[in-house]
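1. pasting the sequence and the predicted coordinates here, then a few questions.
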Amino acid sequence: MRVALVHYWLVKMRGGEKVLESLCRLYPQADIYVNVLDTDRISELIASHRIETTFINSLPFASKLYKNYLPLMPIALEHLDLRGYDLVISSESGPAKGVIVPPEAMHICYCHSPMRYIWNMYHDYRQRVGLFKQIIMPPFAHYLRMWDSITATRVHHFVANSSGVSRRVEAYYGRKADVIYPPVDVSSFQPAPASEVGDHYLMVGELVPYKRPDLAIEAFNLTGKKLIVIGEGEMERRLRMISSPNITFMGRQPFDVLRQHYARCKAVIFPGEEDFGIVPVEALASGRPVVAFGKGGATETIEEGRSGVFFREATVKSLIDAIERLDNIDIDPVDLVQKASQFNIDRFERSFGNYVGKKMEEHKVSVPPYRADW
């Protein structure tokens, strides 16, 4: 069986790329197709596959300015030649599912989210860009929405990474999506002895607007509690400027350093609404509770009062109140590790592999065999 894996872009290793790694293990002979590729920032496993790019990759500074080429990606994806493949799996949160597959092939889309910048977070993105982009975004977004909706009909089966994303798929595409939670490498994390756990909090992830790191910075400016920030992004410079001395920015860190900080913090702060959110699961695997915004994927991985607390409003006051509530909750690290184990890599690969196998069998049955007496 020939398999094609279609991913939006490969410019860093995040949650979507971890899913792609699992797909690479499930289908070791699969070819990968992407709009943009930065070979220096992908894993050895992904790099071991044959990777084809669209013409977007040849445009100036594509690995850094790829989002500016978004309006060209529908044409680029439809230009890909996928003849000869039996199975096409698209990994979608940027444009990926819009490829044209052979009529005899099956197309399964693993959806991390319908494109946020044209659907559920369109107004947030438009509000935060410069005047020129504010002017040109409406017509381009309108065009992309129409293309995105139409291309949903090219997909045989949708799989969502959370129940929240499944609802978005139904709302924007009019399609049902089965839920299979993404893989998290929980075995790489472990709790630290209680004597090594500090009184500081930890925030991990990209410092970009939709993740709301500004809420955490403003909250810890007021409380004076210690906060360590691991990650980088477009907001880093501004956040450093407004931070008080009790907040430490460490930038991007090696995995071993990140793992140690997970295990030794008092709790992890997760202030944004995510589609699924791998950071809370990594925190649980490290035996540490999470203070999370009470929307999105975190509500499917964190249990109020047992593995963390939620703040229900995206305000500094609501976050501070949640941090204070955490002090009154008894947390058992063993329970947290057990909860995290439900999202391990083996579980994802087994579930997704079985799902694809079942759908492939149904797909073959749905196509009647040729009979000479017809």
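-> That came in fine, so what should we check first? Numbers count the residues shown, from 1 in each chain.

2. mind giving me the packing neighbours of the helix or strand encompassing D346?
-> Assessed by DSSP states H and E, D346 sits inside helix 345-366. If you count contacts as 3 or more C-beta pairs under 8 Å, 6 or more residues apart in numbering; DSSP states H and E, helix 345-366 packs onto helix 15-26, strand 87-92, strand 106-111, strand 157-160. Quick note: C-beta positions are derived from backbone N, CA and C, even for glycine.

3. among those, which is nearest K339?
-> Of all these, the one in closest proximity to K339, counting by C-beta to C-beta, is helix 15-26 (18.4 Å).

4. need the helices and strands packed on helix 345-366 in a markdown table (columns: distance to T53).
-> A markdown table is the format used below for those (distance: least, C-beta to C-beta, whole Å):
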| stretch | distance to T53 |
| --- | --- |
| helix 15-26 | 15 |
| strand 87-92 | 15 |
| strand 106-111 | 20 |
| strand 157-160 | 25 |
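
5. out of these, nearest to R237?
-> Nearest to R237 among the helices and strands packed on helix 345-366 is helix 15-26; the distance by C-beta to C-beta comes to 24.6 Å.

6. mean confidence for that closest one?
-> Model confidence over helix 15-26 averages 96 on the pLDDT scale.

7. how far out from the middle of the chain is it?
-> 12 Å (C-alpha atoms, centre = their mean, to the nearest Å).

8. same question for stretch 63-72.
-> Taking C-alpha atoms, centre = their mean, the mean C-alpha location of stretch 63-72 is offset from the chain mean by 19 Å.

9. buried set for it?
-> For stretch 63-72, a neighbour-count test (16 or more other C-beta atoms under 10 Å) marks S63, Y66, Y69, L70 as buried.

10. out of the helices and strands packed on helix 345-366, flag the one nearest V291.
-> Each of the helices and strands packed on helix 345-366 has some distance to V291 by C-beta to C-beta; the shortest is helix 15-26, at 20.0 Å.

11. could you list the low-confidence segments of the stretch 51-200 of the chain?
-> Low-confidence segments of the stretch 51-200 of the chain, defined by pLDDT under 70, are absent.

12. that should have said the stretch 251-374 of the chain, apologies.
-> Per-residue confidence for the stretch 251-374 of the chain (pLDDT under 70) gives these ranges: 365-374.

13. any idea where the helices of it begin and end?
-> Taking DSSP state H, counting those that start in this stretch, the helices of the stretch 251-374 of the chain run over residues 255-264, 278-285, 316-326, 333-340, 345-366.

14. so who does V309 touch?
-> The neighbours of V309, taking C-beta atoms under 8 Å, 6 or more residues apart in numbering as the test, are P289, V291, A292, A322, R325, L326, I329.

15. I figured F352 was touching I180, is that so?
-> Yes: under the criterion of C-beta atoms under 8 Å, F352 is in contact with I180, at a separation of 5.5 Å.

16. if we can go back for a sec, now mean neighbour count too, for the helices and strands packed on helix 345-366, in CSV please.
-> Written out in CSV, the entries for the helices and strands packed on helix 345-366 read as follows (neighbours: other C-beta atoms under 10 Å):
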stretch, mean neighbour count
helix 15-26, 20
strand 87-92, 25
strand 106-111, 24
strand 157-160, 23
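
17. which one of the ones you listed lies nearest to V197?
-> When the helices and strands packed on helix 345-366 are compared for distance to V197 using C-beta to C-beta, the nearest one is helix 15-26, at 26.2 Å.

18. next one: the helix or strand just after that closest one to chain centre, how far?
-> Scanning the chain past helix 15-26 towards its C-terminal end, the next helix or strand to appear is strand 31-34 (assignment: DSSP H and E). Taking the mean C-alpha point of strand 31-34 and that of its whole chain, the gap between them comes to 18 Å (C-alpha atoms, centre = their mean).

19. the helix or strand following strand 31-34: which residues count as buried?
-> Remark: after strand 31-34, the chain's next helix or strand is helix 44-47, criterion DSSP H and E. Burial within helix 44-47, assessed by neighbour count using 16+ other C-beta under 10 Å, is assigned to I46.
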